[in-house]
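**Student:** how would this look folded up:
(one chain, ligands or ions: 2)
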Amino acid sequence: MNLVVLISGTGSNLQAVIDACKSGKIHGRVAAVVSNRADAYGLKRAQAADIHTAVISHQDHPDRAQYDAALIAEIDRHQPDLLIMAGFMRILTPAFVNHYAGRMLNIHPSLLPKYQGLHTHQRALDAGDSEHGASVHFVTEELDGGPVILQAKVPVFADDTVEELAQRVHVQEHQIYPLVINWFCQQRLVMKEGKAWLDGECLPVSGYASDDDGVEQPAE
Ligand SMILES: Nc1nc2c(c(=O)[nH]1)N[C@@H](CN(C=O)c1ccc(C(=O)N[C@@H](CCC(=O)O)C(=O)O)cc1)CN2
Ligand SMILES: NCC(=O)N[C@@H]1O[C@H](COP(=O)([O-])[O-])[C@@H](O)[C@H]1O
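**Tutor:** Ligands and ions are numbered 1, 2, ... in the order given. Got it, this is the predicted structure:
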């Protein structure tokens, strides 16, 4: 399967996907990496892996609909079977989301539906939460409101900084995202009637993990 990955920054989740494709954990190939920011370090990660990169800058297309049309034109050059958002920091229009309906994933740094939007780690710390985590979901028009597929949980410690909590969440993200992407590549995962389904079972699977154990996974 052809994967196209959208990024805006560091690209550690992109690297996890690249590595998983190389090791065979994902039965797919990253056909292209597209960023809205030319300074995204993830572009260097893609280039190091000989993967096509492109920058579609939102500064060149201030109108959101025109931006999304330019993004679609670039993405569709690579005939994606699955569009993967990995730290892509732009809200997408309904036209864009509908164009890729059912074949577009996002990883979000919270236990959705808690903390949709931005600054999730700070919000969890400010709230005094004892747990936090990450969610992989299908993308819909509703911001971070699409059907959740898999979540991973991490503990929050009283003296945590945002950076320490973010790093703990990253470790889990790098496990669950390749797993979910491969479910899609194996044609085990679909979005139907606004819900996520794995092997014919309605999701989410409450796959929880902490620092000292792996992500609980449904039987293969
Ligand atoms: N229609 C949808 N678009 C996007 C979704 C989605 O579920 N539906 N997920 C987000 C990813 N995301 C959180 O996971 C997210 C990204 C960006 C923003 C945001 O407020 N962006 C601002 C710009 C912020 C910046 O440039 O730093 C904006 O677009 O005006 C919120 C949540 C991706 N898109
Ligand atoms: N709202 C979207 C969002 O905040 N996504 C988050 O951005 C980070 C990207 O890191 P990476 O560039 O190292 O993969 C990840 O933690 C991802 O969950």
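**Student:** what does this protein put close to ligand 2?
**Tutor:** Residues of the chain found near ligand 2 (C-beta under 6 Å from any ligand atom) are 9-14, 42, 86-87, 107-109, 118, 134, 170, 173. Glycine gets a C-beta too; all of them are placed from N, C-alpha and C.
**Student:** farthest-apart pair in these, please.
**Tutor:** Leu14 and Leu118 (19.5 Å; C-beta to C-beta).
**Student:** the two: who's more crowded?
**Tutor:** Applying other C-beta atoms under 10 Å to Leu14 and Leu118 shows that Leu14 carries more neighbours, namely 28 against 11.
**Student:** any figure for the gap between that one and Ala31?
**Tutor:** 13 Å (C-beta to C-beta, to the nearest Å).
**Student:** next: Gln59.
**Tutor:** 25 Å.
**Student:** more neighbours, these two?
**Tutor:** Neighbour totals were compared for Gln59 and Ala31, and Ala31 leads with 18 against 9 (other C-beta under 10 Å).
**Student:** isn't that one right up against Leu3?
**Tutor:** Yes: assessed by C-beta atoms under 8 Å, Ala31 is found in contact with Leu3 at 6.3 Å.
**Student:** what do the two both touch?
**Tutor:** Pro80 (C-beta atoms under 8 Å, 6 or more residues apart in numbering).
**Student:** what helices or strands is the lowest-mean-pLDDT helix or strand in the chain leaning on?
**Tutor:** The weakest-scoring helix or strand in the chain, judged by mean pLDDT, DSSP states H and E, is strand 201-202 (a mean of 94). Under the contact criterion of 3 or more C-beta pairs under 8 Å, 6 or more residues apart in numbering; DSSP states H and E, strand 201-202 touches no helix or strand at all.
**Student:** off-centre distance for that strand?
**Tutor:** Centroid separation between strand 201-202 and its chain, computed with C-alpha atoms, centre = their mean, to the nearest Å, is 21 Å.
**Student:** ok, that strand: who's next to it in the sheet?
**Tutor:** Sheet pairing for strand 201-202, assigned by DSSP bridges, gives strand 195-198 (antiparallel).
**Student:** next, the buried residues of the strand it pairs with.
**Tutor:** Ala196, Trp197, Leu198 (16 or more other C-beta atoms under 10 Å).
**Student:** make JSON lines from these and add pLDDT and distance to Asp126 to it.
**Tutor:** Shown next, in JSON lines, are the buried residues of strand 195-198 (pLDDT from 0 to 100; distance: C-beta to C-beta, whole Å):
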{"residue": "Ala196", "pLDDT": "97", "distance to Asp126": "30"}
{"residue": "Trp197", "pLDDT": "97", "distance to Asp126": "35"}
{"residue": "Leu198", "pLDDT": "97", "distance to Asp126": "34"}
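**Student:** nearest to Asp160 among these?
**Tutor:** Ala196 (30.2 Å).
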